[in-house]
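In: below is the sequence, then the predicted model.
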Amino acid sequence: MEKRVTFKGWLLPMLLIAPQLIISAVFFFYPAGEAVWQSLFIPDPFGLSMQYVGLGNFEYLFSDPYYRASFLTTAVFSTLVTLVSMIPALFLAVLADRLVKGAGTYRTLLIWPYAVAPAVAGVLWLFMFNTRIGVVAFYLNQLGYDWNHVLNEHEAMGLVVVASAWGRISYNFLFYFAALQAVPKSVIEAAAIDGAHFWRRFFTIVLPLLSPTTFFLLVVNIVYAFFETFGVIHTITSGGPQQATTILVYKVYADGFVGQDLGSSAAQSVVLLVVVGILTVLQFKFVEKRVHY
Amino acid sequence: MADNRIEPPPGMVEKRGSALWLTHLLMIAGVLVIFFPIWLAFVASTHTQQEIAQAPMPVLPGSHLIENYTRALFSGVNVPVATMLMNSMVMALGIALGKIAISLLSAFAIVYFRFPGRRFFFWMIFLTLMLPVEVRIVPTYQVVAGFGLLNSYSGLILPLIASATATFLFRQFFLTVPDELAEAARVDGARPMRFFLDILLPMSRTNIAALFVILFIYGWNQYLWPLLITTNPEMNTIVMGLKQMFPSGDDIADWPVIMATSILAMVPPVIVVISMQKLFIRGLVDSEK
């Protein structure tokens, strides 16, 4: 779509668009280009010179068992975060949708966690599961379960998944609730007259009608799990134990800033650029379909 | 919305009686489970260290609320939390207002002008979508360090300020503004900036407000970027400073102060979200399109 009526001149629009372009160039394109460039070199230990290694950093990266493990960790982590945040959200949205009165109040209460930063959510969950003073850890212990996410890899993963998914339940709830409210009531009533009871109506009519929203949320939540959960992991596990919760973004940070391995970190950035590219394309494909409600 | 829905006969689609109560009950249970971590943090922020350390900790608020919050706000662990709150506020407002300002201007240029390179610039802005700060941290850090912006508000704000989403949102909105308005402005001899300030800007009020809610929370909740560039505790934001309050090694964390800080860290974004709920939901749905 284009405007028919436009203003004349080219200097003014150039000036108007300049701030955004300058910031994009300086803080987005130049660093991204720099990442691609650096990924082709290995700096010497004193940072004085760079040696060109071609795709050497990438070869090294993909032969590194820790990096390959980090891919798997990221896949497991983002799948779990997506499921744990979407299923309860859908359930709560279905419940809220059945209420004529009070749905608004519940919505207000459920929005809260969305505003809580992932890093703060990490601290809240760490507090509950703290091995020394955590309430939940204490009661698990009473039940005979020895909780220790500092040592146990699966418990560490479980904890960062739940802490990451928690705030996202609000987000997914809002989208599902809006989508459910838009499902035509006539369709539901017609099915009810035909004798279909609640769960049957839900699985045969409502869920298929929600599929655009579900696809959209799938992509958005995967993007979230990949890129915005750094705060949760940094506060709760710092990637441990034995790198069991080191997702790709955490590894770029750990290798680049903590480990000072710039060549490898740059190569990892490039790999992530490709991943974001794919996810963005997916997101745009599903956006088209989502608009119908 | 639920309010103006015509109610069908009881028992058909909408449940009544026991089923209704069951729905409410499940809903309340869900809300309680989701709320529990926040409640527990609040409770912990009202007790002394001893009361918390004595497992299991109490689940009802204690009497040390004012003491703990005063201690957090004015002495903190590394730096008073009041300072971190201030830094977060500057960062969040800077990011939200900065993004809105530069996006409004560039969307105006793209929609209302024909100039060489317009299409190219549009795609350039689009591409920034694919470059979140998390994937370019080391080089971006080097750029910011090169400008001498470490430990500064500009360093916190500028690299996060370019936003394709906001630009697209305003572009989308400007495209729906009737052509007659621009036509009339042109006939009246109004210069483009007059038209922008007197007509377009007031019309965009709701969109600006909705976007502000989303962007304020985005800015407030940043973690990785402040972690990298604020090495001086005086410049820490509250969300990243929270983690720095934990002692390294085996010392016992000062839980009442840390939990009071967690609560303080969530109060501003929660107030923004709850008080501007309608706008927030609208902004959320719009900005994801």
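Out: Yep, it's here. The model shown is predicted, which means the values in this text are computed figures rather than measured ones.
In: so which residue is dead centre in chain B?
Out: Taking CA atoms, centre = their mean, the centroid of chain B lies closest to B:I217, which sits 0.6 Å from it.
In: name the helices or strands packed onto the helix or strand hosting that one?
Out: Taking DSSP states H and E as the criterion, B:I217 maps to helix B:205-220. Packing partners of helix B:205-220 (3 or more CB pairs under 8 Å, 6 or more residues apart in numbering or on different chains; DSSP states H and E): helix B:81-112, helix B:164-176, helix B:255-275, helix B:277-287. Yep, even glycine has a C-beta here, placed from its N, CA and C like the rest.
In: only alpha carbons, please: show the shortest one as CSV.
Out: Just to be clear, that refers to helix B:277-287. Presented in CSV, the C-alpha positions along helix B:277-287 are these (Å, rounded to 0.1, in the frame of the first residue of the first chain):
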residue,chain,number,x,y,z
GLN,B,277,-4.1,-2.4,30.8
LYS,B,278,-6.3,-1.7,27.8
LEU,B,279,-3.5,0.1,26.0
PHE,B,280,-1.1,-2.5,27.0
ILE,B,281,-3.1,-5.4,25.5
ARG,B,282,-3.6,-3.3,22.4
GLY,B,283,0.1,-2.5,22.1
LEU,B,284,1.0,-6.1,22.7
VAL,B,285,-1.3,-7.4,19.9
ASP,B,286,-0.4,-4.6,17.5
SER,B,287,3.4,-4.7,18.0
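In: give me the angle between that helix and helix B:164-176.
Out: 90 degrees (axes from the mean of the first three to the mean of the last three CA atoms, to 10 degrees).
In: residues contacting helix B:277-287, please?
Out: Helix B:277-287 is contacted from outside by A:108, A:111, A:171, A:174-175, A:178, B:165-166, B:169, B:206-207, B:209-214, B:272-273, using CB atoms under 8 Å, 6 or more residues apart in numbering or on different chains.
In: mind checking how far it is from the chain centre?
Out: 12 Å (CA atoms, centre = their mean, to the nearest Å).
In: check the longest one too.
Out: Counting by CA atoms, centre = their mean, helix B:81-112 is centred 11 Å from the centre of its parent chain.
In: angle of that helix against helix B:164-176?
Out: Using the same axes, to 10 degrees: helix B:81-112 against helix B:164-176 is 40 degrees.
In: mean confidence for the helix or strand just after helix B:81-112?
Out: Using DSSP H and E, the helix or strand that directly follows helix B:81-112 along the chain is helix B:118-127. Helix B:118-127 shows an average pLDDT of 87 in the prediction.
In: please apply the same query to stretch B:141-159.
Out: Mean predicted confidence for stretch B:141-159 is 92.
In: gap between the two ends of it?
Out: Length of stretch B:141-159, first residue to last, CA to CA, to the nearest Å: 9 Å.
In: can you check stretch A:190-198 too?
Out: Termini of stretch A:190-198 sit 12 Å apart (CA to CA).
In: buried set for it?
Out: A:191-192, A:196 (16 or more other CB atoms under 10 Å in any protein chain shown).
In: okay, and which of those map to helices?
Out: A:191-192 (DSSP state H).
In: just name the closest of the buried residues of stretch A:190-198 to chain B, please.
Out: A:A192 (5.1 Å; CB to the nearest CB).
In: looks like the closest one contacts A:R201 (just checking).
Out: Yes. Using CB atoms under 8 Å, A:A192 is in contact with A:R201, at 6.8 Å.
In: common neighbours of these two, please.
Out: Common neighbours of A:A192 and A:R201 (criterion: CB under 8 Å, 6+ apart): none identified.
In: tell me the buried residues in stretch B:105-118?
Out: B:105-113, B:115, B:118.
In: touching chain B at all, the host helix or strand of A:A69?
Out: Assessed by DSSP H and E, A:A69 sits inside helix A:65-98. Yes. Counting by CB under 8 Å from any CB of the partner chain, chain B has neighbours in helix A:65-98: A:88, A:91-92, A:95-96, A:98.
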